[in-house]
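**Student:** From the sequence below, what's the structure:
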Amino acid sequence: MYSKDGEDYFIVDAHIALWDAREQNQKNFHGKQFIDCFYDYHKNLSPESEVWPYEDYLYYGGDRLMKDLFVDGYVDHAIFQPAFLGEFYVNGFGQTEEAWALTQKHPDQLTYNHNFDPRNGQAGLDQLRRDAERFGLKGVKLYTADWNGASRGYKLTDPWSYRYLEACGELGIKNIHVHKGPTIRPLDRDSFDVADVDAAATDFTDLNFIVEHCGLPRLEDFCWIATQEPNVHAGLAVAMPFIHTRPHYFAQIIGELLYWVGEDKIQFSSDYAIWTPKWLIEKFVDFTMPADLTEYPELTTDVKRKILGLNAAAMYDLEVPAGLAIKIPAEPEAEVAVGASA
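**Tutor:** Alright, predicted model coming up:
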């Protein structure tokens, strides 16, 4: 929980990872390219005091994760969104077994989402069913620009993608987190295009599509899709650190999302360990919209509460302490007209 100026906030970090990018896990040079790009984002968009040594960044482990999120970072609950990247890393990038074990040890604080790749065909679909049973999955993280053999990306509208999404509906995996954000070297920019979210959201109205990184740098395209598709939501990973380096740009991002997508469909994410939640939460709670951006909705304390945790808590059926929920004013009792029948 975070408290400031007499206000309390229930915090859900809706996008975290536990990765291993050490040299012994790098399958090829692309593995180094990928983590170096991550580190560039971390170094260039973080306050100087929050920049990690490069070696720490390659692998930080569960103990540090728990401290950074739950001891120092104000987080009440966090959701793993792992990327596989099997073409770049020997044992994959996101550490399934380590993250799952941590979730089992701290079930009140952590939720584990897994991943799938529709290019794995029937074998992958069978694996998804086993994973859903083993992990009790409520969500998955999809990396449409991930490489698989000769393929350098896929679309949500591919025939096999639709078969996997149909299975998600059958298995109760309602929350489809899709990386649609900035290019990460060596992945291809166009494979992160948001356009395929439109048809998938229309055809699978029983699923939630959380567009991670809110489509940046294609924010306008994303907003036009999300405003017409009630099951499309915005994840703020990558957008959040601009609150430090380019606060006016951040104001435009959050303003556009509030205007088009709405306060009930935006989720806070630190993208840990690219960034740590502590400073992001502090700066967001203190943030006010610039005076010149008058066309956007007001960023009130209750709107911040929704974004920082209540929206993701509702999606994942997380219990919110009564004192941390938004207080809805009671409806005034209707006056009974004199002589009206009881």
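**Student:** and residue 239, which of the three is it?
**Tutor:** Three-state assignment for residue 239 (DSSP: H, G, I helix; E, B strand; the rest coil): coil.
**Student:** neighbours around it, how many?
**Tutor:** 25 (other Cβ atoms under 10 Å). (Each C-beta comes from the backbone N, C-alpha and C, glycine too.)
**Student:** ok, residue 197 touching residue 209?
**Tutor:** Yes: counting by Cβ atoms under 8 Å, residue 197 does reach residue 209; the two are 5.6 Å apart.
**Student:** Between these two, point out the one with more neighbours.
**Tutor:** Per other Cβ under 10 Å, whichever of residue 197 and residue 209 has more neighbours is residue 197, with 26 against 23.
**Student:** Give me the pLDDT value at that one.
**Tutor:** Residue-level confidence at residue 197 comes out at 97, pLDDT.
**Student:** Against residue 74, how distant is it?
**Tutor:** To residue 74, residue 197 is 31 Å away according to Cβ to Cβ, to the nearest Å.
**Student:** Same check on residue 322?
**Tutor:** 19 Å.
**Student:** Repeat that for residue 171.
**Tutor:** 33 Å.
**Student:** Those two: which is more packed in?
**Tutor:** Shown here are residue 171 and residue 74; by other Cβ under 10 Å, residue 74 has more neighbours (23 against 16).
**Student:** how about residue 233, what does it touch?
**Tutor:** 208, 209, 210, 211, 226, 261, 265, 266, 267, 311, 315 (Cβ atoms under 8 Å, 6 or more residues apart in numbering).
**Student:** from those, which ones fall inside strands?
**Tutor:** In strands, defined here by DSSP state E, the members of the contacts of residue 233 are 208, 209, 210, 211, 266, 267.
**Student:** which one of these has the most neighbours?
**Tutor:** Busiest of the ones in strands among the contacts of residue 233 [other Cβ under 10 Å] is residue 210, holding 29 neighbours.
**Student:** Is it in contact with residue 267, as I believe?
**Tutor:** Yes: in terms of Cβ under 8 Å, residue 210 counts as a neighbour of residue 267; the distance is 6.7 Å.
**Student:** Mutual contacts of these two, please.
**Tutor:** Shared contacts of residue 210 and residue 267, counting by Cβ under 8 Å, 6+ apart, come down to 14, 233, 234, 235, 315.
**Student:** beta partners for the fourth one?
**Tutor:** Using DSSP bridges, the bridge partners assigned to residue 235 are residue 212, residue 267.
**Student:** Check what pLDDT it gets.
**Tutor:** pLDDT at residue 235 comes out at 98.
**Student:** And the last one, by the same measure?
**Tutor:** According to the prediction, residue 315 has pLDDT 97.
**Student:** burial measure for it, as a count.
**Tutor:** When neighbours are counted by other Cβ under 10 Å, residue 315 registers 20.
**Student:** Would you confirm that it contacts residue 207?
**Tutor:** No: using Cβ under 8 Å, residue 315 makes no contact with residue 207, being 11.4 Å away.
**Student:** which other residues reach the helix or strand that contains residue 281?
**Tutor:** Under the criterion of DSSP states H and E, residue 281 resides in helix 277-286. For helix 277-286, contacts defined as Cβ under 8 Å, 6+ apart pick out 2, 4, 7, 9, 11, 13, 46-47, 50, 68-69, 72-75, 240-241, 243-244, 268, 270, 304, 307-308.
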